[in-house]
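Participant: Sequence first, then the predicted structure, then my questions.
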2 protein chains.
Amino acid sequence: MTVKRKNIRVVLVEDHPSYREIVSEVIQSAKGFSLSAVFENVDDALRQMPEADVILMDIGLPQRSGIEGVAELKKRTDSPRIIMLTNFTDDEKIMQAIFAGADGYLLKQIPGHKLLDAIVETMDGGTSMTPFVARRVLEAFKTRAEVKDETTENISVREQEVLGLLVQGYNYKQIAEKIFISPETVRNHIRNIYEKLHVHTRSEAVSKAIKQGLLK
Amino acid sequence: MTVKRKNIRVVLVEDHPSYREIVSEVIQSAKGFSLSAVFENVDDALRQMPEADVILMDIGLPQRSGIEGVAELKKRTDSPRIIMLTNFTDDEKIMQAIFAGADGYLLKQIPGHKLLDAIVETMDGGTSMTPFVARRVLEAFKTRAEVKDETTENISVREQEVLGLLVQGYNYKQIAEKIFISPETVRNHIRNIYEKLHVHTRSEAVSKAIKQGLLK
DNA sequence: TAATAAATGACGCATTTGCGTTATTGAAAT
DNA sequence: ATTTCAATAACGCAAATGCGTCATTTATTA
């Protein structure tokens, strides 16, 4: 007697006919998976999207790109998990897809069994990335961030709050209104923040706050 | 007649005896892999490291952590590729390891065959991450960076130069001295930058410049 | 209990900033 | 040949900023 287990419902969005065939075949022949729908462009997918667990979306679709597709779908409530299928070539788009909120980034030449693994892992709340993509992401990450420097003292909770507003460009008065204190107190907080960060201007404070990840 | 192929030489650094045993077993019994050395702490590993292709390093070692280990090894010429083995718990350390320059981040409970896959993929220049780790990394990434927004016009070379100095906290006069133009011209450049970025203060400009990667 | 730190508030003042307005030069595009 | 644009420069002025100095309250820690 086996426990009745629901299949993982997969939707594929891919314009290239032969690749569409290959992936469809993999999903359909796999135990525990079912292919709910196949679309060849984003517009159709957005209009006719059925209930599903995971969407496999080509990143480089004509007309509306897969990135727009992700962004749209992720706005919906109960959006399924979305895995992007990418080529070696579209390096720039990988980053855009990440910010659009995709849950996985796989190279198209991934073997069938690994694609299935990735779908399961994504269902379990992880983010599947092929090592090539992961490398790109980390490289981009490292160029943007800095390690927190040892001399930076602890910024208090209230100060972090003020610092966050500073980064958004608010002035004394505006910050004061937002957190219901006097502008003079804001000045004092900022003064203290400067001292802790060893800076003397807003720009430097904003710069350090962002680069060192001092916010939130 | 088979082609003679060199084994992938693996080194393991892990303090926990039972886990050490398990991994050693996996490597030794795998075709195409050989276990060159096993260390139980970073100091021994640094002192006696043999030639190897891939190092598997526990991230949470006593005394000198695996993170220090990576940092040290990566300074050496011809450093092998390094894969960190992590637990669910040490979230903060994952980021530190990334900045230390590790080439892979795997959860310890990874099945043997996937560990072997990851070693191969890392050898091929990729970065292997288990989906759990990948998720953490992307979350951290997303909070720090933004996508370049479409409305941002092209910042000219000279303007980028000025913007860079702005981010470093210099004022009109200081920027003027640095690039040998009048402070009034600096004002003009900054004015134009503001217009292109749709901002009205230094803080906002600095913030956008960093988050959108407008520098250099 | 005394010292310390965080959060609050205030006044004065020199400096810096943001913006309106105007103008010249050289290079690139039409 | 002319328009457009980047880079340069200048003046004025209201608003915002950075910093010195001082003070109160409430936690927390030594």
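Facilitator: Right, received. Where do you want to start?

Participant: Help me confirm that residue A:181 is found in a strand?
Facilitator: No - per DSSP: H, G, I helix; E, B strand; the rest coil, residue A:181 lies outside any strand segment and is coil.

Participant: Read off the pLDDT value for the residue nearest to residue A:27 when sequence neighbours are not counted.
Facilitator: Nearest residue to residue A:27 in three dimensions, chain neighbours excluded: residue A:35, at 4.6 Å (CB to CB, 6 or more residues apart in numbering or on different chains). Any C-beta I mention is one placed from the backbone N, CA and C, and that applies to glycine too. Here the pLDDT value assigned to residue A:35 is 95.

Participant: And residue A:143, by the same measure?
Facilitator: 65.

Participant: again with the one 10 residues further on
Facilitator: Predicted confidence (pLDDT) for residue A:153: 63.

Participant: Report the contact partners of residue A:135.
Facilitator: B:125-127 (CB atoms under 8 Å, 6 or more residues apart in numbering or on different chains).

Participant: and the residue nearest to residue A:27, helix, strand or coil?
Facilitator: For residue A:35, the assignment made with three-state DSSP gives strand.

Participant: and if you look at residue A:67?
Facilitator: When classified by three-state DSSP, residue A:67 comes out as helix.

Participant: count of neighbours near residue A:171?
Facilitator: 15 (other CB atoms under 10 Å in any protein chain shown).

Participant: re the thing from before, now list the buried members of the contacts of residue A:135.
Facilitator: B:126-127 (16 or more other CB atoms under 10 Å in any protein chain shown).

Participant: okay if I get the contacts of residue A:135 as JSON lines plus pLDDT?
Facilitator: Shown next, in JSON lines, are these (pLDDT from 0 to 100):
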{"residue": "B:125", "pLDDT": "88"}
{"residue": "B:126", "pLDDT": "88"}
{"residue": "B:127", "pLDDT": "91"}
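
Participant: Next step: the contacts of residue A:135 restricted to helices.
Facilitator: With helices defined by DSSP state H, no entry of the contacts of residue A:135 lies inside them.

Participant: Tell me the spacing between the residue nearest to residue A:27 and chain B.
Facilitator: Noted for residue A:35: a distance of 22 Å to chain B, by CB to the nearest CB, to the nearest Å.

Participant: Show me what that residue is bridged to.
Facilitator: On the basis of DSSP bridges, residue A:35 is bridged to residue A:10.

Participant: Verify the contact between it and residue A:24 for me.
Facilitator: Yes - judged on CB atoms under 8 Å, residue A:35 makes contact with residue A:24 at a distance of 5.9 Å.

Participant: of these two, who's got more company?
Facilitator: Set side by side, residue A:35 and residue A:24 show more neighbours around residue A:35, with 20 against 15, by other CB under 10 Å.

Participant: Now do the same for residue A:94: its pLDDT.
Facilitator: 81.

Participant: contacting residues for it?
Facilitator: A:59, A:84, A:86, A:105, A:133, A:136-137.
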